[in-house]
Every structure is written in structure tokens, then in C-alpha cells.
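*Asks:* One predicted model, sequence on top.
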Amino acid sequence: MGTGKQARHFLDLTDAGADDVAAMIADAIDRKAARAGRPKGATDADAPLAGYVLALVFEKNSTRTRVSFDIAMRQLGGSVLILDSASSQLGRGESIADTARVLSRMVDAIMLRTDDHAKIEEMARHATVPVINGLTDKSHPCQIVADLLTVIEHGKALPGLEVAWFGDGNNVLHSILEAAGLFKFNVRVATPAGYEPDPAFVASARAGGAVVTLTQDPHTAARGADVLVTDTWISMGQADAAEKKSAMAPFQINAALMDAAKPDAVFLHCLPAHVGDEVSEDVFEGAQSVVFDEAENRIHAQKSVLLWSFGRIGSR
Ligand code: CP
Ligand code: NVA
């Protein structure tokens, strides 16, 4: 890493902690405002990562994560290269440890999207440059930095916020629960039986001071909520099972659930969406949906994550 300090890995939000995630969000708000109206590929005035190269390593598909990290690095003055498992030696069995050591000699930071969280932990153990989690089966922390930024931009304070999640207890929910523990907002989780989040994330959110309610009644979760959020019922790498979809059907975010929430509630979805499954078309396209602000904010959030990883913002 070009800073001469120990590599700051961002495998989960807790690697940064509440103060540094708050610093990321503040920096994202400032940088976003400072470049308003400029072409998307134009470099920020201070070009803080000029000369730095980020490797984006994908073992799973991506649109937003891939494009937003690329544009984020351009805006910070740096550049990216993209590797996928099919066309790199990872796909032929080269170890994560060797890949980490080789990439650390050639680039300044590594983002990995992978099917197995243990692989990113292995990458971080062997890399001497920062490793950033671009989604694993367990968590999606970069998404949640963007989500927190989006919620704040829409006028909501995090402490005491009532966030309601509907559907599958998946990787995105896990990172929301981590954020809840850091920022002391509350999460009502409505899932079918058997699809609850990992209890470790629930326990850690509660230990941080969040009220986490697990329910199988979507209306209980929606009542009086500030934010309604869902995700695909079938994540990448999971079997597209008819049985799972049918269990999920009552958890669709539709107009009836939005009506039960606060009148100024917002709808979030990390995308890609399956409109007609986890969300109805009227909600997805409706006035309370902020999903395209959320998607754009992946760029602004990623810039902050990168600057934190390079030791340019945050306290630790
Ligand atoms: N939300 C998100 O991570 O999107 P991609 O899978 O397109 O990167
Ligand atoms: N839960 C989804 C998120 C996609 C961005 C998945 O892992 O496929």
C-alpha cells in the first residue's frame, strides 16, 4: 500500500467502526457536492489517489459494484484493472494466497467479490495491500455505506431509525445488522421461518444497542417504519427453488406494506431487482422509491471506502 502503513482491510463495517464509517459518509457527501454537474469521469480537484491502481476480482457477476469502483477510482485520479475467475489463473486453481501475494506486488489495493467469505479472509491474510469486500455469501458492506448515505440524504438521522427488512435473511441484511449495531438504529426483520439471518449478526447488533425484532408477519415489521428494504429472494450461487419463492411471496413489499409505514418512509433495494417478486411495480417505480439514488451512491460511498483503506480518512 503506498502509505507505508499496515494495510487497512474492509471486509466488514466493523473493520472501520462507527466513527470511521461516519467519516466515510461525511466525506462522500462533501465530495459528491464538490463535483456536482461535472462529467462522471472527471477527476476530483485534489486527485487523492493519482497513480494508484485497484484490482477488481470477480468470482460472481456484477454491474453496480464493477462500474462504481471503476468510476470511483477515475474520480480519485487512479485506475482499475478487472480480473474474473474464468479468465484468470484463479479459475484454474491458483490459490488465493498466491494470488494475494502476486497482486500485492503489482497493484495498490484489491477488491474481491466471491462466493465464500473464507476466501476474502484468506486474501486479507496474505495481501500486503488493502482488501475490500465487494460482496461475499456472508456480507456486502460497501452496499450498506451507500445505503446509509442515501438514507441520510433523504433527511433521516440514523440513531433510532426504524428499518424494516422483508424476505430472505441474506448477506445484505447481515451488513444492515452490522450497521445497526454501530449506529444504534433498529431493524425489524420479516422472513419466512427458516430464512432468518445468521444469529451472530443479530446478537452483535443487539450488543451494539440496536433493537432487532424477528417476525414472520410483514405488517408487524412495516408498521411505522422509516425505511423498507428488500433484496432478491435468490442470491447469486443459490438454487432458484420454487419452494423458496413460494415461502417468500407474502413478504413482497407492495402498496399495502408501504401504507403501513410512516408517510415519509423510503424504499431501498440494492438491485438488481425482480419486480413482481420481492417488490411490486408500483412501489419500485413509486415516489418513495430511492433505488436509483442508492445505485448512484455506490460511486460516492466507494470513494470513501477507498480513501479509508488508503488511510486518507478516518481515525484508526
Ligand atoms: N448491488 C450490487 O452489488 O449490484 P451488482 O451485483 O450489480 O454489483
Ligand atoms: N443478495 C444478493 C445481492 C446482490 C447485489 C446476492 O448475493 O446475489
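*Replies:* That came through, no problem. Ligands and ions are numbered 1, 2, ... in the order given.

*Asks:* switch to C-alpha atoms for all contacts and neighbour counts from now on
*Replies:* Fine.

*Asks:* Could you list the low-pLDDT ranges of the protein?
*Replies:* By pLDDT under 70, the low-scoring segments of the chain are 1-5, 316.

*Asks:* What are the boundaries of the strands in it?
*Replies:* With DSSP state E applied, the chain shows strands at 53-58, 79-84, 109-113, 131-133, 162-166, 186-190, 212-215, 227-230, 266-269, listed in chain order.

*Asks:* and of those strands, who's closest to ligand 1?
*Replies:* Ranking the strands of the chain by their distance to ligand 1 (criterion: Cα to the nearest ligand atom) puts strand 266-269 first, at 8.0 Å.

*Asks:* Show me which residues of that closest one are buried.
*Replies:* By 16 or more other Cα atoms under 10 Å, the buried positions in strand 266-269 come out as 266-269.

*Asks:* Switch the residues you listed over to CSV; also include distance to residue 25.
*Replies:* Below are those laid out as CSV (distance: Cα to Cα, whole Å):
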residue, distance to residue 25
266, 19
267, 20
268, 17
269, 19
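
*Asks:* The residue of the stretch 201-316 of the chain found nearest ligand 1: neighbouring residues, count only.
*Replies:* Checking the stretch 201-316 of the chain residue by residue against ligand 1 with Cα to the nearest ligand atom singles out residue 270 as nearest, at 4.3 Å. Counted with other Cα atoms under 10 Å, the burial measure for residue 270 works out to 21 neighbours.

*Asks:* Relative to residue 294, how far out is it?
*Replies:* From residue 270 across to residue 294, the span is 7 Å (Cα to Cα, to the nearest Å).

*Asks:* Then residue 40?
*Replies:* Note on residue 40: its distance to residue 294, by Cα to Cα, is 16 Å.

*Asks:* Looking at these two, which one has more neighbours?
*Replies:* residue 294 (25 against 14).

*Asks:* Please look at that one and residue 146 and confirm they touch.
*Replies:* Yes: assessed by Cα atoms under 8 Å, residue 294 is found in contact with residue 146 at 6.2 Å.

*Asks:* circling back: okay, the strands of the chain in CSV with distance to residue 6 next?
*Replies:* CSV is the format used below for the strands of the chain (distance: least, Cα to Cα, whole Å):
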stretch, distance to residue 6
strand 53-58, 17
strand 79-84, 21
strand 109-113, 12
strand 131-133, 12
strand 162-166, 35
strand 186-190, 34
strand 212-215, 35
strand 227-230, 36
strand 266-269, 35
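
*Asks:* Enumerate the residues of the stretch 51-200 of the chain near ligand 1.
*Replies:* When proximity is defined by Cα under 6 Å from any ligand atom, the stretch 51-200 of the chain lies next to ligand 1 at 62-66.

*Asks:* between the residues you listed, which has the most around it?
*Replies:* Counting neighbours by other Cα under 10 Å, residue 65 leads these with 22 neighbours.

*Asks:* doesn't residue 133 make contact with that residue?
*Replies:* No: in this structure residue 65 lies outside contact range of residue 133 using Cα under 8 Å: 10.4 Å.
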